[in-house]
Structure formats: structure tokens, C-alpha cells
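**Q** got a predicted model here, sequence first, then my questions.
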Amino acid sequence: MKVTVRVFASYADTIGADRVTVTVPEPPTVGGVRAAVAALSPALPPRPLIAVNETYATDDVPIAEGDEVAVIPPVAGG
Amino acid sequence: MSRAAIVTDAIAVGAIVDEVRGAGQGAIATFIGTVRNSSGTRTVTGLEYSAYAEMANREMNDILHEALALASGAEIVAVHRVGKLNVGDICVIIAAAHPHRAAAFDACRYTIEEIKKRVPIWKREQYADGSTEWVEACSDAVHNAGATT
């Protein structure tokens, strides 16, 4: 499945866009997205943090059509 | 009325403290985060916060509810500013009121610590030499948990 992923901050600079579409093996999961995003650039960490529908998600979480998927760089608020 | 928010305008401390005041609240603990002029050995001249706004709002509200569960009877306002900030500007404020100080401190501390760990907000520092850099301050439990499971 093709999944469009929102990208933020340093990762957006690395990728050069704030959205990127990756191809994820069936059945699509967070783990698949994580690996596909990591493969986009050697400057990205091997296992970047993923959020699905605005919630941090682990590898086993399935991805469905219409889900909002995002890759989250290490946060630095406060 | 407890609330959490991401804002772009300057944070008015007095107004936020007033929001949590109440006849039954004997204590108000506040945390105010401001932009520091140094980072390690480098001179910082300003910075820019950006956020995944929808998720940041949701995560801030989750934290607020956890803090309210921790300190029953508390009134908490948590506001984080994003956009371009100058040295000395307020970037975050937590005001936590409670009948007693121990719980007010606990609620305030819990809220700011969790914001720093979990809320998807990022900081790009601008240095005196004109360069900029994203700060990756947080190698926290949430990030590591997400990255390894």
C-alpha cells in the first residue's frame, strides 16, 4: 500500500518536503512505514518514531486507508 | 477552567495565573520556561518552535488530564508558544492551583516534564554566527519506547 506520511522539523529538512509517500508491504503496519521512511535517507535514524492519527504507535499497529501517519523527530518543547 | 493550548502570541503570565485562582485554592505553583541566550558553548540569538499542531494539542490535553487525576481538585492551565521567539521570551507556562501546595507543585512538575517528553514540538536555535540548528534534546522514554517496540 502507498502511505503518505507527514514529516516535521529536522526530518522535513532532510527529506526536503513536509509530506512523503512510501510503499509499505501488505498488510500495512507502523513497522512497515518505519522501515520505508528510514530507507529514504541515511541521515534519518534507523527506527524513527511514528504516530498514527495523532497518537504514538508501535510496529504492530495496522495502517488503514485514510489514517493520518506522521514521522516524529525527537521532541524539544518546553 | 483547566485548559491546554498551543499559541503564537506572547504569553501573558498574570492573566494565566488569574485563570487558576479560586477561593478554595490555597496554592498556585507556576513554571515559566524562557529562551536562554546560550546552548552548550554557543551563543543563541533567538529560536523558532514548530509543532505538529493537532497532535501537540491532543497530547497537551492528555497530559493535563493525567495531571488532574494525579492532583485531584487542581486547576491547571498549560500554554506553549510556537513561532519565532527572542532571547528572554516566554516559551511555556504551567500554572497549577490546588488547595494545598504539595499537590500544586506535583501537578505543575508533572505537566512540564511530560510536555518536554511527549508533545511534538521542535526547536530550531539561531546562533550568533548566523547558523541555525534543530535541537534534539529529548532521548526520552517515549521516543525510545516507540523506536524499539
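**A** Here it is on my side, so go on.
**Q** residue 57: neighbour count?
**A** Going with chain A. Look at residue A:57: counted by other C-beta atoms under 10 Å in any protein chain shown, it has 24 neighbours. No exception for glycine: its C-beta is placed from N, CA and C like everyone else's.
**Q** try again with chain B
**A** 17.
**Q** residues in contact with the nearest residue to it once chain neighbours are set aside?
**A** The shortest distance from residue B:57 to any non-neighbouring residue, by C-beta to C-beta, 6 or more residues apart in numbering or on different chains, is to residue B:6 (5.8 Å). If you count contacts by C-beta atoms under 8 Å, 6 or more residues apart in numbering or on different chains, residue B:6 has them with B:51, B:53, B:56-57, B:60, B:79-82, B:121.
**Q** ok, residue B:57 next?
**A** So residue B:57 contacts B:4-6 (C-beta under 8 Å, 6+ apart).
**Q** can you put the residues you listed in CSV and add pLDDT?
**A** Putting the contacts of residue B:57 into CSV (pLDDT from 0 to 100) gives the following:
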residue, pLDDT
B:4, 98
B:5, 97
B:6, 97
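**Q** among those, name the ones in strands.
**A** Counting by DSSP state E, the contacts of residue B:57 place B:4-6 in strands.
**Q** which of those residues sits closest to chain A?
**A** residue B:6 (9.4 Å; C-beta to the nearest C-beta).
**Q** secondary structure element for the most centrally placed residue in chain A?
**A** Computing the C-alpha centroid of chain A and ranking residues by C-alpha atoms, centre = their mean puts residue A:71 first, at 3.6 Å. Applying DSSP states H and E as the criterion places residue A:71 in strand A:69-72.
**Q** same question, residue B:48
**A** Assigned by DSSP H and E, residue B:48 falls in strand B:42-51.
**Q** by contact count, what packs against the strand holding residue A:71?
**A** Packing partners of strand A:69-72 (3 or more C-beta pairs under 8 Å, 6 or more residues apart in numbering or on different chains; DSSP states H and E): strand A:2-7, helix A:30-38, strand A:49-52.
**Q** what's the angle between the longest one and strand A:2-7?
**A** For helix A:30-38 against strand A:2-7, the angle by axes from the mean of the first three to the mean of the last three C-alpha atoms, to 10 degrees is 70 degrees.
**Q** close to chain A, is the helix or strand containing residue B:124?
**A** Assigned by DSSP H and E, residue B:124 falls within strand B:121-127. Yes: counting by C-beta under 8 Å from any C-beta of the partner chain, chain A has neighbours in strand B:121-127: B:121-124.
**Q** which two from those end up farthest apart in space?
**A** The span of those, defined through C-beta to C-beta, is set by B:121 and B:124 at 11.2 Å.
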